[in-house]
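One predicted model, sequence on top.
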There are 2 protein chains.
Amino acid sequence: MSTTSSTLNASAKLNKPARFSVPISASDLPKGFVVSSTYAGIKAAISPKPTSSSGPSNPNPKPDLALIVSTVPAVAAGTFTRNVFKAAPVVVSNQTILDGAKVQSVLVNSGCANAVTGTQGMADAQSCVELVQKHLAPHPGLGQSSGDRGTLLLSTGVIGVPLPMPTIKRCIPHLSNGMILRSDPESWREVARAFMTTDTFPKLRARTFTLGGQEVRMVGIDKGAGMIHPAMTGPTPQAGLHATMLGLIATDAAVDPKALQTALNRAVARSFNCISVDGDMSTNDTILLLANGQAPSATLIDESSPHFEAFVSELTSFCQDLSKLIVRDGEGAEKFVEITCTNAPSYEVAHGLLSRLVTSMLFKCAIHGEDANWGRILASVGGADPTLTKGVDPSKVSVSFVNPDKEEQVVVLRDGNPVKVDEEVVGALLKKEDVKVVIDLGVGGEECTYWTCDLSREYIEINADYRS
Amino acid sequence: MSTTSSTLNASAKLNKPARFSVPISASDLPKGFVVSSTYAGIKAAISPKPTSSSGPSNPNPKPDLALIVSTVPAVAAGTFTRNVFKAAPVVVSNQTILDGAKVQSVLVNSGCANAVTGTQGMADAQSCVELVQKHLAPHPGLGQSSGDRGTLLLSTGVIGVPLPMPTIKRCIPHLSNGMILRSDPESWREVARAFMTTDTFPKLRARTFTLGGQEVRMVGIDKGAGMIHPAMTGPTPQAGLHATMLGLIATDAAVDPKALQTALNRAVARSFNCISVDGDMSTNDTILLLANGQAPSATLIDESSPHFEAFVSELTSFCQDLSKLIVRDGEGAEKFVEITCTNAPSYEVAHGLLSRLVTSMLFKCAIHGEDANWGRILASVGGADPTLTKGVDPSKVSVSFVNPDKEEQVVVLRDGNPVKVDEEVVGALLKKEDVKVVIDLGVGGEECTYWTCDLSREYIEINADYRS
């Protein structure tokens, strides 16, 4: 995250699109990936009533269907929602990765989640895969063996409504056209816009880093806004039927399939699985990672490789950048809150307690009201599952508000006893756009950091009538 | 609940105080209980800045300190929050009941929860008990043996701030005065007002019923509004430190202590533990039940008594009436939502899934917006703990909206497949003040019903700056 943002007061919070839609450099884009996007009109096609259906504050319709293609078969890894009502695209992508297929393409749509759509939804998802494969096949440079030509799916939008297949069918040949598929930053930006639903800015980042002296590149897109409280796992051998956190990362590093999945699991555990906007786990949460090995002189990384930990570290940092963007753009969000639970008996306890706290409407309202009502922090944490709270000793817990701009910390509770504080000093910390809280359990050596936002009237406005 | 309310459209939602503050009859009040209340100015005494501190829409300060006294030692039962940061009054009351003491009095205050107040909070709670016992002692008719003179505490309000003990100390002699302690409906109503924080009406109900031909009476008070998602257990041998669902029920039935606790546990499981306003479990949740056996010719009820099941049934129904009032008066609530999970593999699964659903901001916003966005119901339920969802088969789940006024039901999902419905018919159901939802898991024979409300802009307004 940009450190300049934390120096802004909430009163200067406007224009997030300008502050967070930073341009990416062509030199940071990984080799061997091409993309296309279009406005298909998916939301309009499924809406019960006519709607303008374009992106917020944009008179022209934004893209809502996109294709990401690796020019050679890529190794793929994925993490998927553990929601029992998994969307059809989640079921299909999960199975493709579990089967060990190499991946050639990822089809992304916004406007319709294809979730809780029953047998029709599964058939539609399969049709999407077949359509992409049929139309991509003739192009030179793309793999021909079916085991090398996997297509993954990402869908986000309204739940419980089938995909408008005629609309999608009409657009796929266009998206798959070799003349349309491009690799420039502007085309990637349009793909990032195709991911958006109630997002107010496209979330696109790219970076170059070295592994053992070799340069590799990574580009990432995600989207969020609402129904954000992911708890994803790697691919699992379970089917299901079942909008809204999606991410795609592409790299030209060469990584062994098992190592790629392990790296993604570790990175997601400390990034996407540590954010919350509104506490609802989506039916569609998915992060996909493609590695096509097209970096010049890339060397294959496996788990025993000396560069594996460096790769995990870069990927984790990149995933944190991307996941924080989702919180920044949380529906109605005016505040960005970082909460760290320190000195916990285990990472799982720290993560579990914070995962509870960030769903607290009372805590999020207090942040919105710039009210240092820290009692709500403890009330919420204390109400977590007894398997998490059994190791918490109230007489050892301390709570602090931290100035994100400098080494300044105000302790409001020390070892279970309230500390008399200067309300004006605490109040000034709460007035910043970025708020930092530390909960010290005082009973162990593990820690976890979570990112969330405030709860505002605008959130209610956005969600009281999302479908129409 | 009054059935007339469900026939009202949300547009006629105003004036809940007039609709739900129904008068109670003197003949329904249990024998042998007297009460007093006063305006102590507790919230004003602890506020960081001056505040009017009176109840909503009431120019005169409402009472904030009350005493309920049984003229003979009463058998007591209680259920308490399982929050690990238990408020000092919870710790003290829990221990008193665990010790098997008979109870003479209950001291109630609003404005300050005495939660997360450390060692000072425990000392203050003990002082409250001692002050009441000291000042009540001289009165005739009240027990003298210390084992018969237990005092229980109920506190609600701001967390993390110590009780204003000088204020409380000044008021207790007045409240304990035998000339002040009364048994008329108006005095009970004032006690119910003393419980209120952001509640908009006092919650007081009374009823007479027969057990084996003998008339017994029951009076109950509760309060709620915010930080409402109780999960209480009977008294437990654990201490802790730590506003907001409180309830007190007094009956002149004669009940054995163990039977009284069992009856309360069973009643609370199907009432107070099945309501949610905002998903946050309070540090102070407490329901107390006093039985003083003063009904003429009351016969002692124990668990093997033929009247025990009838008593549990009456108590459960009474607790449901009281707990629904809390949802009616949920902070910012404009809708009253009843959700039943049917054909579940167990009661625990049904309860656990609904307990997750009622915390969903997205679901509650959809209800607020009168939007039949049932996909959010499944997304939320599906995101519950895997121990709950493992028995859910998405292909067997059905969802319906039910007209609370007549036998009319609109199925929107049947066996995992969306059903094409008339949006106008569903829309009309959502426009009512009372909304009913049925989730049929299709895999077992157990069921649970939960009550919750919508999430409105007013909730944010109330909670963005509660302390000031």
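Okay, I see it.

low-confidence ranges in chain A?
A:1-14, A:48-60, A:137-147, A:237-243, A:465-468 (pLDDT under 70).

what about whichever strand in it runs longest, distance to the chain center?
Assignment by DSSP state E gives strand A:65-81 as the longest strand of chain A. Offset of strand A:65-81 from its chain centre (Cα atoms, centre = their mean, to the nearest Å): 15 Å.

Quick check: A:V129 vs chain B, distance?
The gap separating A:V129 from chain B is 21 Å, by Cβ to the nearest Cβ, to the nearest Å. Just so you know, the C-beta spots here come from the backbone N, C-alpha and C atoms, and that holds for glycine as well.

would that residue count as being in a strand?
No. Applying DSSP: H, G, I helix; E, B strand; the rest coil, one finds A:V129 to be helix, outside a strand.

Count the neighbours of it for me.
A count of nearby residues for A:V129, using other Cβ atoms under 10 Å in any protein chain shown, gives 20.

now swap in the one 4 residues further on and tell me
A:Q133 is flanked by 18 other residues according to other Cβ under 10 Å.

and it, that's in a strand?
No. Read with three-state DSSP, A:Q133 is helix and lies in no strand.

Does it touch A:T151 like I think?
Yes. Counting by Cβ atoms under 8 Å, A:Q133 does reach A:T151; the two are 5.8 Å apart.

Overlap in contacts, those two.
A:104-105 (Cβ atoms under 8 Å, 6 or more residues apart in numbering or on different chains).

ok, the closest residue to chain B within the stretch 101-250 of chain A to A:G118 distance?
Per Cβ to the nearest Cβ, A:I159 is where the stretch 101-250 of chain A lies closest to chain B, at 2.7 Å. In this view, A:I159 and A:G118 are 12 Å apart by Cβ to Cβ, to the nearest Å.

and the helix or strand harbouring A:V216 with strand A:65-81, angle?
Applying DSSP states H and E as the criterion places A:V216 in strand A:214-223. Using axes from the mean of the first three to the mean of the last three Cα atoms, to 10 degrees, the direction of strand A:214-223 lies 90 degrees away from that of strand A:65-81.

Starting from strand A:214-223, tell me which strands it pairs with and how they run.
Strand pairing for strand A:214-223, using DSSP bridges, gives strand A:203-211 (antiparallel), strand A:246-251 (antiparallel).

Tell me which of those strands lies nearest to A:Q409.
strand A:203-211 (30.1 Å; Cβ to Cβ).

buried set for the closest one?
A:203-207, A:209, A:211 (16 or more other Cβ atoms under 10 Å in any protein chain shown).

distance between it and the chain's centre?
16 Å.

near chain B, which residues of the stretch 251-400 of chain A?
For the stretch 251-400 of chain A, the residues in contact with chain B under the definition Cβ under 8 Å from any Cβ of the partner chain are A:278-283, A:359-363, A:365-366, A:368-369, A:371, A:373-376, A:378-386, A:389-390, A:392, A:394-395, A:397.

Out of the residues you listed, which end up buried?
A:278-283, A:359-363, A:365-366, A:368-369, A:371, A:373-376, A:378-384, A:389, A:392, A:394, A:397.

Which ones among the residues you listed lie within helices?
A:361-363, A:365-366, A:368, A:375-376, A:378-382, A:389 (DSSP state H).

any idea which of those residues is closest to chain B?
Nearest member of those to chain B, counting by Cβ to the nearest Cβ, is A:G375, at 2.6 Å.

ok so, going back, kindly reformat the strands paired with strand A:214-223 as CSV containing distance to B:N417.
Below are those laid out as CSV (distance: least, Cβ to Cβ, whole Å):
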stretch, distance to B:N417
strand A:203-211, 34
strand A:246-251, 24
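
Among those, which comes closest to A:Q320?
strand A:203-211 (10.6 Å).

what does the closest one contact?
Contacts of strand A:203-211 (Cβ under 8 Å, 6+ apart): A:20-22, A:24-25, A:27-29, A:185, A:188-189, A:191-192, A:195, A:215-224, A:253, A:299, A:301, A:307, A:310-311, A:314, A:318, A:321-322, A:325-326, A:329.

Please write out the alpha-carbon positions of that strand in CSV.
The C-alpha atoms that make up strand A:203-211 are tabulated as CSV, following Å, rounded to 0.1, in the frame of the first residue of the first chain:
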residue,chain,number,x,y,z
LYS,A,203,-7.2,-3.6,-9.4
LEU,A,204,-4.1,-4.3,-11.4
ARG,A,205,-0.5,-4.6,-10.2
ALA,A,206,2.8,-5.9,-11.8
ARG,A,207,6.3,-6.3,-10.6
THR,A,208,9.7,-7.6,-11.6
PHE,A,209,11.9,-9.5,-9.2
THR,A,210,14.9,-11.7,-9.4
LEU,A,211,15.2,-15.4,-8.5
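
related to what we said a few turns ago, just the buried ones out of the contacts of strand A:203-211, please.
Buried, going by 16+ other Cβ under 10 Å: A:20-21, A:24, A:29, A:185, A:188-189, A:191-192, A:195, A:216-224, A:253, A:301, A:307, A:311, A:314, A:318, A:321-322, A:325-326, A:329, out of those.

Can you report how many residues lie near the closest residue to A:D285 other than its chain neighbours?
Nearest residue to A:D285, sequence neighbours excluded (Cβ to Cβ, 6 or more residues apart in numbering or on different chains): A:T81, at 3.8 Å. A:T81 has 28 neighbouring residues, counting by other Cβ under 10 Å.

swap in A:E348?
So A:E348, with other Cβ under 10 Å, has 13 neighbours.

And it, how far from A:D385?
11 Å.

next one: A:V191
Distance from A:V191 to A:D385, by Cβ to Cβ: 39 Å.

What residues does the stretch 51-200 of chain A have near chain B?
Counting by Cβ under 8 Å from any Cβ, the stretch 51-200 of chain A sits next to chain B at A:81-86, A:113, A:115-120, A:158-162.

Show me those that map onto helices.
Going by DSSP H, the helices hold A:118-120 from these.

A:Q261 is in what secondary structure piece?
Judged by DSSP H and E, A:Q261 forms part of helix A:257-269.

likewise A:I172?
Using DSSP H and E, A:I172 falls in helix A:165-175.

hmm, who's touching that helix?
Counting by Cβ under 8 Å, 6+ apart, A:36-38, A:40-42, A:45, A:65-67, A:107, A:109, A:124, A:127-128, A:131-132, A:135, A:180-181 sit against helix A:165-175.

How much space separates the residue sitting furthest away from the middle of chain A from A:K396?
Relative to the C-alpha centroid of chain A, counting by Cα atoms, centre = their mean, A:K420 is the outermost residue, at 39.2 Å. Distance of A:K420 to A:K396, computed by Cβ to Cβ: 20 Å.

before we move on, the earlier item: going by distance to A:V437, which of the buried residues of strand A:203-211 wins?
A:K203 (24.6 Å).

Is A:T197 in contact with A:L246, as I believe?
No. If you go by Cβ under 8 Å, A:T197 and A:L246 don't touch, sitting 9.6 Å apart.

Spell out which residues are contacts of both of the two.
By Cβ under 8 Å, 6+ apart, the residues touching both A:T197 and A:L246 are A:156, A:223.

neighbour-wise, which of these two wins?
Shown here are A:T197 and A:L246; by other Cβ under 10 Å, A:L246 has more neighbours (27 against 24).

Please name the bridge partners of the closest residue to the more buried one other than its chain neighbours.
Nearest non-adjacent residue to A:L246, counting by Cβ to Cβ, 6+ apart: A:L154, 4.7 Å away. Bridge pairing for A:L154 (DSSP bridges) gives the partners A:V108.

Report the contact partners of A:L154.
Applying Cβ under 8 Å, 6+ apart, the residues near A:L154 are A:89, A:93, A:106-109, A:195, A:246, A:248, A:284, A:286, A:288.
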